[in-house]
Structures are given as C-alpha cells and as structure tokens.
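>>> next comes the sequence, and after it the predicted model I'd like to discuss.
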Amino acid sequence: MSMKGQWKIIFQLFWTFFKIAPVTFGGGFAMIPLIEKEVVEKRKWMKSEEVTDVFALSQSVPGAVAINSATFIGHRIAGMKGAMAAMIGVSLPTFLIVLLLGILYFFIHDNPKIESAFVSIRASIVAIIAYAAIKIGKTAVVDKTTFCILIAGIPVLFFLHPVMVILAGAVAGIVTISIKRKLGYDVKMDRNKGNEEDVFEPFMGAGI
C-alpha cells in the first residue's frame, strides 16, 4: 500500500472513532453496536467474529473498554499508527465534552429539564447494551457448549471479578474443545453464515 493510502486509512480510523465517541452515552459497552456497524458492515475492515474477540480481549486488560477496543482495532488495521489514530479519535471528543460540561456544571446541574433528560438517557443505555449483547451473542454462541458457558458465566459475574470470569471461560474453552476432539466430535469455531439470524438455534438441537 502506498504512503498516501496508509494515511487515508489512518485518517479514516481517527474519524470513525471520533464520530462514535460523542454519541455513545453509557461507556464502552454502549459503543459496541456502533463500532461493529462502522468496522464490520460499513468499512468491512474486520469480521464480526474478530470484533467479538477484540471486545473480549479489551475487557481482560486494564483500562476503559472503549479505548482498549479502539486501540486493538486500530492496530489490527493499520499497525501502531492506526492504534494511535483510533485511540486519539475515541478519546478526544470525550475529553472535550467533559471539559465543557465541567465549565457548565454549576449553571445546569439543578435544572429540572436536564435531570429529566438524563433519566430517559439512562433507560436508553440499558436498551443499547442489551442490543450489543445480542449482536455479540450471534457470533459468540456457536454451539451448546458455548451456550452453557454463557449461562454459567452470568450468575458467576455477581461473585467474581470479570477478569476472573474471562480467564475461567478461556480455560473452559480449552478443556471442552480438547475433550470434544478426543471424542471425535466436530468442533465449531464460529457460526455458519446461514444461521446468523437465529442466535438460539445451536442449543435447540443443532449441535453439541
């Protein structure tokens, strides 16, 4: 790729995450659907399965999920320069907005209309995060085994740190796939393209 082409991609990374950051109230998890739409559907830089892996990895290391995800995606697409561009792009709008709100805080924090607006915003955030979970589930739940790991992981999150749950999931994956291969079962590593619309099909009898 030419130097001009490289800088074009770097700018596109910066601009993509710069646009996403200001409209994702609720943090990194609320950003997931928009990142997937931009990176997978619009730009076609990565596959859904790869983005799901990025989100999982982003939660297993220190730092904000949004910044970690942007950095990993940027590095995957354009190396170190891409990582820097994506990281700055996702961080800069938030920095500027927080700076502005910090200045305006003493003028608006008692405004009843502002307080009412944030009540609805918080409810909307829950819907966005639920939508993100469904989108990720379409690529993460590939058979009955991964569904069982999902179900087991939800209650465990109330008692263990998320990092410990991720590590436990990794160990469970290694163990179960090894056992399956020894027993001669076919091992699915991603969903079949024809089944992407039905996330619950695998545990309705489509495989082990």
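Yep, it's here. Numbering: from 1, shown residues only.
>>> flag the shaky bits of this protein, pLDDT-wise.
Applying pLDDT under 70 to the chain flags residues 1, 24-28, 105, 109, 187-208.
>>> helices along that one, start to end?
In the chain, the segments counted as helices under DSSP state H are 3-20, 28-36, 48-59, 65-108, 112-140, 144-156, 162-183.
>>> out of those helices, nearest to residue 42?
Residue 42 lies closest, by C-beta to C-beta, to one member of these: helix 3-20, at 8.5 Å. For the C-beta atoms, the positions are set from N, CA and C on the backbone; glycine is no exception.
>>> who touches that closest one?
Helix 3-20 is contacted by residues 1, 31, 34-35, 38-39, 43, 70, 73-74, 77-78, 81-82, 85-86, 88-90, 92-93 when judged by C-beta atoms under 8 Å, 6 or more residues apart in numbering.
>>> at 10 Å instead, please
Residues from elsewhere that reach helix 3-20, judged by C-beta atoms under 10 Å, 6 or more residues apart in numbering: 1-2, 31, 33-35, 37-39, 42-43, 45, 66-67, 69-71, 73-75, 77-79, 81-93.
>>> including mean neighbour count, could the helices of the chain go into TSV?
Converted to TSV, the helices of the chain look like this (neighbours: other C-beta atoms under 10 Å):
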stretch	mean neighbour count
helix 3-20	17
helix 28-36	22
helix 48-59	18
helix 65-108	18
helix 112-140	13
helix 144-156	15
helix 162-183	13
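>>> what sits against the residue nearest to residue 114 when sequence neighbours are not counted?
Spatial nearest neighbour of residue 114, chain neighbours left out: residue 108 (5.2 Å); criterion: C-beta to C-beta, 6 or more residues apart in numbering. Contacts for residue 108 (C-beta under 10 Å, 6+ apart) come out as 101, 114-115.
>>> any idea how far residue 117 is from residue 108?
10 Å (C-beta to C-beta, to the nearest Å).
>>> hmm, residue 62 is touching residue 68, no?
Yes. The criterion here is C-beta atoms under 10 Å, and residue 62 meets it with residue 68 at 8.5 Å.
>>> which one among the contacts of residue 108 gets closest to residue 142?
For the contacts of residue 108, the nearest to residue 142 is residue 101 (42.1 Å; C-beta to C-beta).
>>> distance from the chain centre to stretch 133-146, please.
Distance, stretch centre to chain centre, for stretch 133-146: 13 Å (C-alpha atoms, centre = their mean, to the nearest Å).
>>> ok, stretch 175-184 next?
How far stretch 175-184 lies from its chain's middle: 29 Å, per C-alpha atoms, centre = their mean.
>>> again, but for stretch 75-89
With C-alpha atoms, centre = their mean as the basis, stretch 75-89 stands 17 Å off its chain's centre.
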